[in-house]
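# quick one: sequence plus predicted model below, questions after.
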Amino acid sequence: PEEIEDMLRNMGMTEPWVRPPLPLVENDAVIEAQPDQASLTNRYLEQALRFIMANREQPFFLYLAHMYVHLPIYVQERFKKASQNGDYGAAVECIDWVTGVILAELVELGLDDNTIVIFTSDNGALAPESGGSGSNEPLRGSKGTTYEGGQRVPCIVRWPGHVPAETSDVVAAQIDLYPTLARLCGASVPTDRTVDGQDLAEVLGLDGPAVDADRPFFYMRGPAIAAVRVGPWKLQLAQQGEEK
């Protein structure tokens, strides 16, 4: 609409309208109208450490969703200088550094053996033709697709003295984290509704109910089913002219 385009022009923006000003919000207050995005990861880390410190005497849940490696990537110069894969590699290095700082803080506070740390992602890397610099090899596809390269990601669970250093090829999803963490932390999952996901304690080498390794997974692309997976088998349906 013309009125929106006029508003964007008045804000100093030019076509294409893809990167509007993004305010930094804490709770319900805007604390900066247009923050330096290269500084945000450090600021997220500071807030995370403050939260851990403030709640170290009681059970707590910290969810830290990184801005990296979404586009556009703004990264500190110290990480960029050490990167062999441009801004993308620098962003990955920064995430690695943040993770190390948080783990060190848990050790310093004596919380290391009593804290479950989960490190995972929500999708595969973006394709180079779309501006991405990551790699999903040897998997096919990328972010935005229902191929394995867009869906299959690592998930690392760390709980010293409890979760053994093992690997598993069981298919799981982030919907499984809720029932898993709820039971491990002594909470109950509601029984008056359908809860998607299953308890993965057994997969983690802990006592828990048997995992259904053959449960079906439906991959959606908009309102349509794009793929179905059961155990080691996956039916990939053609979407928008794509080949199977």
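Done, it's in. Numbers count the residues shown, from 1 in each chain.

# from Lys143, how far off is the residue nearest to Ala201 when sequence neighbours are not counted?
The spatially closest residue to Ala201, leaving aside those adjacent along the chain, is Gly208, at 2.7 Å (Cβ to Cβ, 6 or more residues apart in numbering). The C-beta positions use only the backbone N, C-alpha and C, and glycine is treated the same way. Applying Cβ to Cβ, to the nearest Å, the value for Gly208 to Lys143 is 32 Å.

# how about Lys80?
From Lys80 to Lys143 the distance is 22 Å (Cβ to Cβ).

# please apply the same query to Lys234.
Distance from Lys234 to Lys143, by Cβ to Cβ: 18 Å.

# so between these two, which is more surrounded?
Lys143 (19 against 16; other Cβ atoms under 10 Å).

# surely that one and Asn123 touch.
Yes - Lys143 sits in contact with Asn123 when judged by Cβ atoms under 8 Å, with a separation of 4.7 Å.

# touching both of these two, which residues are there?
Listed as contacting both Lys143 and Asn123 by Cβ atoms under 8 Å, 6 or more residues apart in numbering are Gly150.

# tell me the phi and psi of the residue nearest to Ala82 when sequence neighbours are not counted?
Distances taken as Cβ to Cβ, 6+ apart place Glu93 nearest to Ala82, at 6.4 Å, with adjacent residues excluded. Glu93 adopts backbone torsions of phi -60, psi -40, taken as degrees, to the nearest 10.

# repeat that for Arg221.
Backbone geometry at Arg221, expressed as degrees, to the nearest 10, gives phi -120, psi 100.

# what's Thr120 in contact with, if anything?
Val153, Pro154, Cys155, Ile156, Gln174.

# what about those, which are in strands?
Per DSSP state E, strands hold the following members of those: Cys155, Ile156.

# can you tell me how far the residue most central in space within the chain sits from Asp28?
Centroid-nearest residue in the chain, with Cα atoms, centre = their mean: Ser121, separated by 3.3 Å. Computed as Cβ to Cβ, the Ser121 to Asp28 distance reads 29 Å.

# tell me the helix or strand right after the lowest-mean-pLDDT helix or strand in the chain.
Least confident helix or strand, the chain: helix 2-10 with a mean of 61, by mean pLDDT, DSSP states H and E. As assigned by DSSP states H and E, the chain's next helix or strand after helix 2-10 is strand 24-26.

# list the contacts of the residue nearest to Ala82.
Glu93 neighbours (Cβ under 8 Å, 6+ apart): Phe79, Ala82, Ser83.

# so where's this protein shaky on pLDDT?
Scanning the chain for pLDDT under 70 picks out the ranges 1-20, 239-244.

# again, only this time at 80
1-22, 238-244 (pLDDT under 80).

# residue boundaries of the helices in it?
For the chain, helices defined by DSSP state H occupy the ranges 2-10, 40-54, 77-82, 86-108, 148-151, 177-184.

# hmm, back to that, pull the most distant pair out of the contacts of Thr120.
In terms of Cβ to Cβ, these reach their longest pairwise distance at Ile156 and Gln174, which sit 13.5 Å apart.
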